[in-house]
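Trainee: Return a 3D structure for these sequence lines:
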Amino acid sequence: MYRLSKISFVLLLSIGFVSCQSGNGKSQDKIILADIPVLELQPKSIEVPKTYVCDLQAVQFVEVRAKVEGFVAKIYVDEGQFVKKGQSLFQLTSNEFNEMVNSANAKLMQARAEAKSTALEVERLKILVDKKIISSSELELARAKNSVSQSAILEAESLLKNAQTGLSYTTIKAPFDGIVDRIPYKTGSLVTAGDLLTNITDISEVFAYYKVTENEYLKYMRDRLEEVSESDENGDEVVSLILSDGQTYPYVGKLETMEADFEKGTGSIAFRVRFPNPDQLIKHGASGKVQMDNMLDDIFLIPQKSTFEIQDYSYVYILDKNNIVRVRSFVPLQRYGVYYISDSFEPGDRIIFEGIQQLKDGMEIVPMAVSEKEAYDTLVNAF
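Mentor: Numbering: from 1, shown residues only. Below is the predicted model:
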């Protein structure tokens, strides 16, 4: 068998002429190219990595806002600092709320004293009624006054709780373990209810959100129903992450869930992948690409050098059983290294591997079979 590296030389020398007899008795020469490399196609099943642009978000991200109005009296933390759940972050001025608590306490004490007084009055009148000294109507009136005083206690207790709650809002604490974001207000600043004081992010883990089309979603769900793909012991599909600098993240993620509805404008649906982040390399709001292995069955690998394009359509030269070259169009599904992936062929189809510049539709050739390994080595060595 000839070496593929000598094909260009062979193509120039291997042109033969066959004498044919035309209908009018005159001879006509037909060009036959010899030793043209031909690759026989066979279906394959391969795993093709597919990437999707994703947004990376902290597993917990909370905006810390003021619940009451006041001046910033103290700031206990700094930007970028790690804090524990319940740790104090800010202290707002609390004089007004202290006074409200004191006032509510006083009202509660007064209500309890009045309730005690009316209770004693009820006991005193009950004795007199039992001795038939006074009528029972006075006792009923005393009992009504006691009920009113008990209600006053409940009201005072509610006022005290509200005052204490308002006072507690002047000390802002971390809702969970996390990292403090930017602090826009400094000591002495006036803040009102709802003003953003900072953000707390927990990046011990991160979520990657990416969107797929409806067709990709349907294929994924059917594959999940029909067979078990590569997964861990919990059945979660393993996903890789490529960061914005092109480096592959050292930890793999797990595909957890998806949105409930398709977006009306784009027709896409978002998937969520959870990645561990023990080194805190990934920050909230970063970007990257998730990469998943997509199994393709019964597809054909078409060398890119064996194809040509005309007006955005892809073509190859097919060799029929009589060794006649025919032009065939095909639809590439995607690129795969030095190949195109396509499902537009049949097992045993023979395509011209090299030398397509010398060919035309309808030409007859003498084929030289090329193995898949020889074709691959030639394609790789060309780069």
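
Trainee: Please point out which parts of stretch 360-371 sit buried.
Mentor: Judged by neighbour count using 16 or more other CB atoms under 10 Å, the buried positions of stretch 360-371 are 363, 365, 367, 368, 370. For every residue, glycine as well, the C-beta is placed using N, CA and C.

Trainee: Surely residue 353 and residue 369 touch.
Mentor: No - using CB atoms under 8 Å as the test, residue 353 is too far from residue 369 to be in contact (9.5 Å).

Trainee: all strands in the stretch 101-250 of the chain, in order from the N-terminus.
Mentor: With DSSP state E, counting those that start in this stretch, the ranges of strands along the stretch 101-250 of the chain come out as 171-173, 178-180, 190-191, 196-213, 238-243.

Trainee: looking at the ones you listed, which is buried most?
Mentor: Ranked by mean neighbour count, the strands of the stretch 101-250 of the chain are led by strand 178-180 with a mean of 22 (mean count of other CB atoms under 10 Å).

Trainee: any weak-confidence spans in the stretch 151-300 of the chain?
Mentor: Along the stretch 151-300 of the chain, the parts satisfying pLDDT under 70 run over 227-236.

Trainee: if we go to 80?
Mentor: In the predicted model of the stretch 151-300 of the chain, residues 219, 223-238, 293-295 satisfy pLDDT under 80.

Trainee: circling back to that earlier point, select, out of the strands of the stretch 101-250 of the chain, the one closest to residue 278.
Mentor: Evaluated over the strands of the stretch 101-250 of the chain, closeness to residue 278 peaks at strand 196-213, with 7.2 Å, by CB to CB.

Trainee: residues near residue 45, how many?
Mentor: 9 (other CB atoms under 10 Å).

Trainee: and it, what is it in contact with?
Mentor: Taking CB atoms under 8 Å, 6 or more residues apart in numbering, we find residue 45 in contact with 295, 296, 297, 298, 299.

Trainee: Please apply the same query to residue 210.
Mentor: Residues near residue 210 by CB under 8 Å, 6+ apart: 52, 53, 54, 55, 270, 271, 273, 290.

Trainee: Helix or strand: which one has the second one?
Mentor: Think residue 53. Secondary structure from DSSP states H and E places residue 53 in strand 44-65.

Trainee: In its sheet, which strands sit next to that strand, and in what direction?
Mentor: In the sheet, strand 44-65 lines up against strand 196-213 (antiparallel), strand 287-303 (antiparallel) (DSSP bridges).

Trainee: Give me the mean pLDDT for it.
Mentor: Mean per-residue pLDDT for strand 44-65: 90.

Trainee: Now it: buried residues?
Mentor: Buried residues in strand 44-65, counted by 16+ other CB under 10 Å: 48, 52, 54, 56, 57, 58, 59, 60, 61, 62, 64.

Trainee: CSV please, covering these and showing distance to residue 36.
Mentor: CSV is the format used below for those (distance: CB to CB, whole Å):
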residue, distance to residue 36
48, 30
52, 41
54, 46
56, 52
57, 56
58, 60
59, 60
60, 64
61, 62
62, 68
64, 73
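
Trainee: Quickly list what residue 292 is bridged to.
Mentor: residue 50.

Trainee: wouldn't it be in contact with residue 237 here?
Mentor: Yes - between residue 292 and residue 237 a contact is recorded at 7.2 Å, counting by CB under 8 Å.

Trainee: Touching both of those two, which residues are there?
Mentor: Jointly contacting residue 292 and residue 237 under the rule CB under 8 Å, 6+ apart are residue 255.

Trainee: mind checking how far the spatially most central residue of the chain is from residue 240?
Mentor: Centroid-nearest residue in the chain: residue 209, 1.6 Å away (criterion: CA atoms, centre = their mean). Distance of residue 209 to residue 240, given as CB to CB, to the nearest Å: 16 Å.

Trainee: likewise residue 89?
Mentor: Going from residue 89 to residue 240 by CB to CB gives 37 Å.

Trainee: distance between the longest helix along the chain and the chain's centre?
Mentor: Ranked by number of residues, the top helix in the chain under DSSP state H is helix 95-130. Taking CA atoms, centre = their mean, to the nearest Å, the mean C-alpha location of helix 95-130 is offset from the chain mean by 60 Å.

Trainee: so which of the buried residues of strand 44-65 would you say is closest to residue 176?
Mentor: Nearest to residue 176 among the buried residues of strand 44-65: residue 60, at 5.8 Å, using CB to CB.

Trainee: ok, for the closest one, nearest residue in space, not its chain neighbours?
Mentor: Take residue 60 and drop its neighbours on the chain: the residue closest to it by CB to CB, 6 or more residues apart in numbering is residue 202, 3.9 Å away.

Trainee: What residue spans form the domains of this protein?
Mentor: Following automatic domain parsing, one gets these domains for the chain: 4-41+307-381, 49-59+203-297, 63-199.

Trainee: before we move on, the earlier item: format the contacts of residue 210 as a markdown table; extra columns: distance to residue 308.
Mentor: Shown next, in a markdown table, are the contacts of residue 210 (distance: CB to CB, whole Å):
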| residue | distance to residue 308 |
| --- | --- |
| 52 | 31 |
| 53 | 32 |
| 54 | 36 |
| 55 | 40 |
| 270 | 39 |
| 271 | 38 |
| 273 | 40 |
| 290 | 34 |
